[in-house]
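Asks: okay, structure incoming, though there's no sequence with it:
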């Protein structure tokens, strides 16, 4: 990533921006890039220092890859040497099945997110990392953000604000209409990177084990490291002394090798995963990516939703920045429902099955004999937006 192209706070506040995007994950970075291509002044803000790792399964499915190709970033995957994925290995209660994936890849979030930010900068986006942003609804005129960077505070304004600050994002924390309450019984996410691991976990496959109180997915990244991402019942994690032990119990339960190096890895957690805000649009504000609602993913759906929502919102946000009309909020609400929420229903069904190991074991018994039964589901998840 071209760090020399990043801003400092004094430079950011000296401009009235057409669009300010908060959150430089896949949704925010790609939306910022697509809006800047339309000739608008775009500021991209994130609290993190990049490159950075975050809890994620690190899989890009066929839908995500199709979206990247649609906006001229298809070669990005080749440049970053993403690891092709041929299948997913599923296991529960001593039963396993192998299902073909067709056209998915594994790619570390350090590399992928940094590459998207770099592409946005090259398209004219101004990037402000290591900066906290809070929405100031009481400011007169255009929407105002209060920015805090390295103990320096100031404000800047933009015609349109995009909230892409992820699960539990704080940008709109003071706006009750946008509050995203976790669903009842929502599980938490946890993840770690193992620098090494048993050869059993071979490149080219996703390994997913489910059991009482959680499920865990493992995949080899482009550099050979083993990415571990899981969803757990919070009480279960507490009772078994943390996500490392919970993961070990799941692997033992399906007869897969343990990963000794995970004991020395840094584990990160997430807020409760499944949630939906009351609104995804308001007066000069649009919400996208994980901040606009999330369901426990299966094989890369989260990133696919983020990229698809960014491409769909960009032209609308560009129009809104030039001439705001209240109908734009209703337009994004309807588009988001059609594009994202309808597909999230599929993931709700799949994750419900993952939460019931006995039922899931029965499905695996069928898949082990007839793997083609999973083809319609995989095709649906991979279908371009």
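Replies: Perfect, I can see it now. Predicted model, so just to flag it, every value in this text is computed and none were measured.

Asks: all helices for the stretch 251-385 of the chain, in order.
Replies: Per DSSP state H, counting those that start in this stretch, the stretch 251-385 of the chain carries helices over the ranges 301-322, 327-336, 342-354, 357-369, 375-382.

Asks: what's near enough to touch residue 248?
Replies: Residue 248 makes contact with 258, 262 under the criterion Cβ atoms under 8 Å, 6 or more residues apart in numbering. All C-beta atoms are positioned from the backbone trio N, CA, C, and that covers glycine.

Asks: hmm, 10 Å instead?
Replies: By Cβ atoms under 10 Å, 6 or more residues apart in numbering, residue 248 lies in contact with 216, 240, 258-260, 262-263.

Asks: ok, now residue 364?
Replies: Taking Cβ under 10 Å, 6+ apart, we find residue 364 in contact with 90-99, 210, 357.

Asks: how close does it get to residue 233?
Replies: For residue 364, the distance to residue 233 (Cβ to Cβ, to the nearest Å) stands at 21 Å.

Asks: before we move on, the earlier item: will you turn the contacts of residue 364 into a markdown table that also has distance to residue 202, secondary structure and neighbour count?
Replies: A markdown table is the format used below for those (distance: Cβ to Cβ, whole Å; DSSP: H, G, I helix; E, B strand; the rest coil; neighbours: other Cβ atoms under 10 Å):
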| residue | distance to residue 202 | secondary structure | neighbour count |
| --- | --- | --- | --- |
| 90 | 15 | strand | 26 |
| 91 | 15 | strand | 25 |
| 92 | 20 | strand | 27 |
| 93 | 23 | coil | 17 |
| 94 | 21 | coil | 10 |
| 95 | 20 | strand | 17 |
| 96 | 14 | strand | 20 |
| 97 | 16 | strand | 22 |
| 98 | 12 | strand | 16 |
| 99 | 16 | strand | 21 |
| 210 | 20 | strand | 26 |
| 357 | 24 | helix | 24 |
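
Asks: ok, these vs residue 36, which is closest?
Replies: Closest to residue 36 out of these is residue 99 (39.4 Å), distances taken as Cβ to Cβ.

Asks: do you know the pLDDT at residue 169?
Replies: Note on residue 169: pLDDT of 81.

Asks: leaving aside the residues adjacent along the chain, what's closest to it?
Replies: Spatially, and ignoring its direct neighbours in sequence, residue 169 is nearest to residue 291 (4.7 Å; Cβ to Cβ, 6 or more residues apart in numbering).

Asks: got the contact list for that neighbour?
Replies: Contacts of residue 291 (Cβ under 10 Å, 6+ apart): 22-23, 25, 27-28, 162-169, 171-172, 178, 180, 275, 277, 280, 306.

Asks: that one and residue 31, how far apart?
Replies: To residue 31, residue 291 is 12 Å away according to Cβ to Cβ.

Asks: list residues touching both of those two?
Replies: Residues touching both residue 291 and residue 31 (Cβ under 10 Å, 6+ apart) are 23, 162, 164, 306.

Asks: now render these as CSV, adding neighbour count, secondary structure and distance to residue 312.
Replies: Shown next, in CSV, are the shared contacts of residue 291 and residue 31 (neighbours: other Cβ atoms under 10 Å; DSSP: H, G, I helix; E, B strand; the rest coil; distance: Cβ to Cβ, whole Å):
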residue, neighbour count, secondary structure, distance to residue 312
23, 28, coil, 16
162, 29, strand, 12
164, 32, coil, 13
306, 28, helix, 11
